[in-house]
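Colleague: got a predicted structure here, sequence first:
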Amino acid sequence: MPRQPRFWYPGAEYHITTRGNQKTPLFHDAQDRRVYLNYLSEARMEFPFDLYAYCLMTNHIHLQIKTHDTNIQLIMKKVNHRYAYYFNRKNNYVGHVFQDRYFAKLIESPFYQIDVSKYIHLNPVKAGLAPTPCAYEWSSYPTYVQFRRMPSVNPYPILSHFPYPQNNAYKQFVENDPSLSITGKELAEAFL
């Protein structure tokens, strides 16, 4: 039975996850992660989209993407095919790099939008890879709280939901207590 096409419309926003085949590592070193981010940036030039958040874990990836006029399917095909070719060639591997096709959850509310960004940025902390989200090098979190410029990342649509100073309010929202799961709806009720 053929796969169902993903639901898409211009301006659709997604939480994208993709995992290494059989949960094996997608990244062996910093160069691999830089190459993936470069392919993501190149795809953004060809098929414009907004990258709100990302986190490159060892064996999986989280992306928060808002499309413009290009179907998410074309964007992810471009990035993942290029990376798979690079990864197999570099490591002298053959076969699938990614387990199945990527997972794409449609984001249809501002509450879910900020919940997804929090989830993405806390992923390395929950996995025990870093004591704080800022300590993890391979995520967009520093763009949010330190205004460390990352040309491909646009934090402002998410930061716009927070009171001034937005970077500090966002940091409190994410880091206050990683074991607590305050939701975007609860945040809105507290601040708005």
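Modeller: Arrived safely. Residues are numbered from 1 along each chain as shown.
Colleague: tell me the centre residue of the protein?
Modeller: Leu63 (2.0 Å; Cα atoms, centre = their mean).
Colleague: is that residue in contact with Ala53, as I believe?
Modeller: Yes: applying Cβ atoms under 8 Å as the test, Leu63 and Ala53 come out as touching, 7.5 Å apart. The way it works is simple: take the backbone N, C-alpha and C, and place the C-beta from them, glycine included.
Colleague: and the strands in the chain?
Modeller: In the chain, the segments counted as strands under DSSP state E are 13-20, 49-56, 60-67, 98-107.
Colleague: can you tell me what sits against the longest helix belonging to the chain?
Modeller: Among the elements of the chain assigned as helix by DSSP state H, the one spanning the most residues is helix 72-91. Residues external to helix 72-91 that are found in contact with it (Cβ atoms under 8 Å, 6 or more residues apart in numbering): 5-6, 8, 12, 14, 16, 18, 26, 28, 32, 35-36, 39-40, 42-43, 46-47, 49, 65, 67, 93-98, 102, 104.
Colleague: so for it, what gets flagged as buried?
Modeller: Ile72, Ile75, Met76, Lys78, Val79, Asn80, Arg82, Tyr83, Ala84, Tyr86, Phe87 (16 or more other Cβ atoms under 10 Å).
Colleague: what about that helix, distance to the chain center?
Modeller: Average the C-alpha atoms of helix 72-91, do the same for its chain, and the two points are 16 Å apart (Cα atoms, centre = their mean, to the nearest Å).
Colleague: show me what the residue nearest to the centre of the chain bridges to in the sheet.
Modeller: Listed by DSSP bridges, the beta-bridge partners for Leu63 are Ile16, Tyr54.
Colleague: tally of neighbours for the closest residue to Phe27 other than its chain neighbours?
Modeller: Spatial nearest neighbour of Phe27, excluding adjacent residues (Cβ to Cβ, 6 or more residues apart in numbering): Arg33 at 5.1 Å. Under the neighbour criterion other Cβ atoms under 10 Å, Arg33 is assigned a count of 18.
Colleague: for the protein, which spans come out with low pLDDT?
Modeller: Judged against pLDDT under 70, the low-scoring parts of the chain cover residues 1-6, 177-192.
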